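> Show me the folded form of this:
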Amino acid sequence: RKINIIIRLEKPNPIEELIAKRQATKLHTETREIIDEKWGKRRVFERKSLEPSNLAKVHISLFTQANYSHLLSTIIEDEYDRSNLEVVKTTPCRALRAKFITPLQHAIKLIQPPPSHKLVYQYSKPPSKGIFIGYTLNELEELLDPYHIPLEAPIHGLIVGATGTGKTSIACQLAEQANEKFNILILDWTGQFSNAYPEHTISIEELNLNIFNFPKHVAKELLIDYYYTTFKSTPTPIAYHILTTIIDTTENLTFTKLSKILDIIKTQLTQKDYKSACNAIKRRIEPIIGTPLDCQGKPNLPINGFNIVNLSELPTDPAKILAAYILLSAIYNYAVQSQEKLNLLIIVDEAHRLLPKQQIVIQAEHITPPENTLIKMYREARKHGIGIISITNTTPHPELWMNSTLKIITRIDEDKLRTKIAQDLG
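As a prediction, the model looks like this:
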């Protein structure tokens, strides 16, 4: 049966150190018999030194599908107190947990080999067909078996882990191998992918990402989604009325033209609320004016071959967010209208930036936001032959997690995130 053992070390707090030191006689005393000329055979006690600076707090968790509590007991040497052994029944596994304080050199003996960020878990029967992503390793870091992800069609997935743990490298390997079967599109937030594959990189200007080329209702939804994600709010009814009226009545609209129309409206109206609404809209669109998103015409969709869109060319995060929304929506609308399977795998770097940072309570005087663009793609794009793999270093959105077939988890430093993902994985 499958048995997973997780051992974590941390430094005890001063109170725990003091308690451990007081218990040193009990925990670290050996009894042996000697022959004394005067008293004959007798028992003596030997105390081992216990330096508080050399202590480690050990957390052991054992996950198994059977009741193997004796296994956890054998990991902990007889000299330790097992009274805090906790058995947590879960489905379909049992989680057995224990914690104790011990000298660091004793704790290290529990983990063979010692922890290393290079150590990769072994798989008993790694898949032999699919997309090759690397090899399993043994304790000496020697190559064992090739490991494949069985992908026959574009799927949704997540790559989650702390900064510097190899998420980009995994995504690059995945993209290279998947390109033999699928079209690949990478939304590159930081420029790392563009530096790795300059021959596949497309500039933002080449794509002509014009939000006002969409049907009117789609353009409105994208702008409100951009408003909500970037500025943690939605327009007031007055601002929404002004913005939607301009979109409905103006042809060949651009962000520069929108800003000029708002200036004209301010001079025509005397009501203070309307002037404030015009100023609020201008502040929201200011990061977009003068960028490659301030354009006219029809977007060019990079849906064939291997393409990387370098979002880092844009000067601000709001501009990057809106560019990603326009591109994802344009691809989705094209797939819906053409009714063809695109066979496209989209990799979204820093995907958490395309989602609201927190659940925002919308006041009664504000417009309710539409469904987030990335979440909508996760829910509806797969039936059109579009798969999305998001790269993030924070807690994945529940919708993304629930709709992901592939989950790749690297090292996670944040305790809350590690616990949350462990719970979600069962």
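> my guess is Phe212 contacts Thr254, does it?
Yes - using Cβ atoms under 8 Å, Phe212 is in contact with Thr254, at 6.9 Å. Heads up, the C-betas are built off the backbone N, CA and C, glycines and all.
> what residues are shared contacts of the two?
Gln296 (Cβ atoms under 8 Å, 6 or more residues apart in numbering).
> And Ser338, what's its pLDDT?
pLDDT, Ser338: 91.
> Repeat that for the one 3 residues further on.
At Lys341, the predicted lDDT confidence score is 90.
> That one: what's it in contact with?
Per Cβ under 8 Å, 6+ apart, neighbours of Lys341: 335, 384-385.
> which ones among those are found in helices?
Among these, DSSP state H puts Ala335 in helices.
> wait, which of the contacts of Lys341 is closest to Ile133?
Ile133 lies nearest to Gly385 out of the contacts of Lys341, by Cβ to Cβ, at 22.0 Å.
> if I read this right, that closest one contacts Pro154, doesn't it?
Yes - using Cβ under 8 Å, Gly385 makes contact with Pro154 at a distance of 6.2 Å.
> any common contacting residues for those two?
343-344.
> So these two - more neighbours on which side?
More crowded of Gly385 and Pro154, by other Cβ atoms under 10 Å: Pro154, with 25 against 17.
> In this structure the more buried one contacts Leu344, no?
Yes - Pro154 is in contact with Leu344 according to Cβ under 8 Å; the separation is 6.1 Å.
> any common contacting residues for these two?
Common neighbours of Pro154 and Leu344 (Cβ under 8 Å, 6+ apart) are 182, 385-387.
> Could you tell me which of these belong to strands?
Per DSSP state E, strands hold the following members of the shared contacts of Pro154 and Leu344: 386-387.
> Between the shared contacts of Pro154 and Leu344, which sits nearest Val309?
Closest to Val309, out of all of the shared contacts of Pro154 and Leu344 and judged by Cβ to Cβ, is Ile386, at 15.2 Å.
> Just give the nearest non-adjacent residue to the closest one, would you?
The shortest distance from Ile386 to any non-neighbouring residue, by Cβ to Cβ, 6 or more residues apart in numbering, is to Leu344 (5.1 Å).
> Beta-bridge partners for the one you found, please?
Asn183, Ile386 (DSSP bridges).
> close enough to count as contact, it and Leu328?
No - in this structure, Leu344 is not within contact of Leu328 by Cβ under 8 Å, at 11.1 Å.
> Tell me who's in contact with the closest residue to Gly290 other than its chain neighbours.
Leaving aside its sequence neighbours, Gly290 sits nearest to Thr256 (Cβ to Cβ, 6+ apart; 7.4 Å). Thr256 makes contact with 289-290, 294 under the criterion Cβ under 8 Å, 6+ apart.
> How about Val309?
185-188, 201-202, 204, 207, 302, 323, 327.
> so of those, which ones are in strands?
Those of the contacts of Val309 lying in strands (DSSP E): 185-188, 201-202.
> wait, which of the residues you listed is closest to Ala351?
Distances from Ala351 to the ones in strands among the contacts of Val309, taken by Cβ to Cβ, are shortest for Leu187, at 8.5 Å.
> thinking that closest one is in contact with Leu311, fair?
Yes - Leu187 lies in contact with Leu311 (Cβ under 8 Å); the separation is 6.1 Å.
> Quick check: neighbours shared by those two?
By Cβ under 8 Å, 6+ apart, the residues touching both Leu187 and Leu311 are Ala324.
> Just say helix, strand or coil for Gly134.
Assigned by DSSP: H, G, I helix; E, B strand; the rest coil, the conformation of Gly134 is strand.
> Please name the nearest non-neighbouring residue to it.
Tyr147 (5.8 Å).
> you'd agree that neighbour is in a helix?
No - looking at Tyr147 with three-state DSSP, it is strand, so not inside a helix.
> Quick check: pLDDT value at it.
Confidence score, pLDDT, at Tyr147: 80.
> what are the phi and psi angles of Leu406?
phi -110, psi 130 (degrees, to the nearest 10).
> Can you give me the neighbour number for it?
Neighbours around Leu406, by other Cβ under 10 Å: 16.
> can you offset everything so residue one is 65?
Understood, numbering begins at 65; the last thing we discussed is Leu470.
> Test of understanding: give the bridge partners of it.
When assigned by DSSP bridges, Leu470 has beta-bridge partners Gly221.
> which ones are touching it?
213, 215, 219-222, 453.
> can you put the residues you listed in JSON lines and add neighbour count and distance to Glu435?
Output for the contacts of Leu470, formatted as JSON lines (neighbours: other Cβ atoms under 10 Å; distance: Cβ to Cβ, whole Å):
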{"residue": "Ile213", "neighbour count": "18", "distance to Glu435": "29"}
{"residue": "Leu215", "neighbour count": "20", "distance to Glu435": "27"}
{"residue": "Ile219", "neighbour count": "16", "distance to Glu435": "21"}
{"residue": "His220", "neighbour count": "24", "distance to Glu435": "16"}
{"residue": "Gly221", "neighbour count": "22", "distance to Glu435": "20"}
{"residue": "Leu222", "neighbour count": "24", "distance to Glu435": "19"}
{"residue": "Ile453", "neighbour count": "26", "distance to Glu435": "20"}
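> Farthest-apart pair in those residues, please.
Checking these with Cβ to Cβ, the most distant pair is Leu215 and Leu222, at 14.6 Å.
> circling back: roughly how far apart are the residue nearest to Ile450 and Gln256?
Using Cβ to Cβ, to the nearest Å, Leu408 is found at 21 Å from Gln256.
> who has more neighbours, these two?
Leu408 (23 against 17).
> Let me see the contact set for the more buried one.
218, 246-249, 367, 395, 449-451.
> Now, of those, which are buried?
The neighbour count (16 or more other Cβ atoms under 10 Å) marks 218, 246-249, 367, 395, 449-451 as buried among the contacts of Leu408.
> Would you convert those residues into TSV that also reports pLDDT and distance to Ile431?
Shown next, in TSV, are the buried ones among the contacts of Leu408 (pLDDT from 0 to 100; distance: Cβ to Cβ, whole Å):
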residue	pLDDT	distance to Ile431
Pro218	92	34
Phe246	93	38
Asn247	96	36
Ile248	96	36
Leu249	97	31
Ile367	95	32
Ile395	96	26
Gly449	94	33
Ile450	96	28
Gly451	95	32
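> any idea which of those residues is closest to Leu481?
Nearest to Leu481 among the buried ones among the contacts of Leu408, with distances taken as Cβ to Cβ, is Gly451, at 24.3 Å.
> and the closest one, what is it in contact with?
Contacts of Gly451 by Cβ under 8 Å, 6+ apart are 217-221, 246, 408-410, 445.
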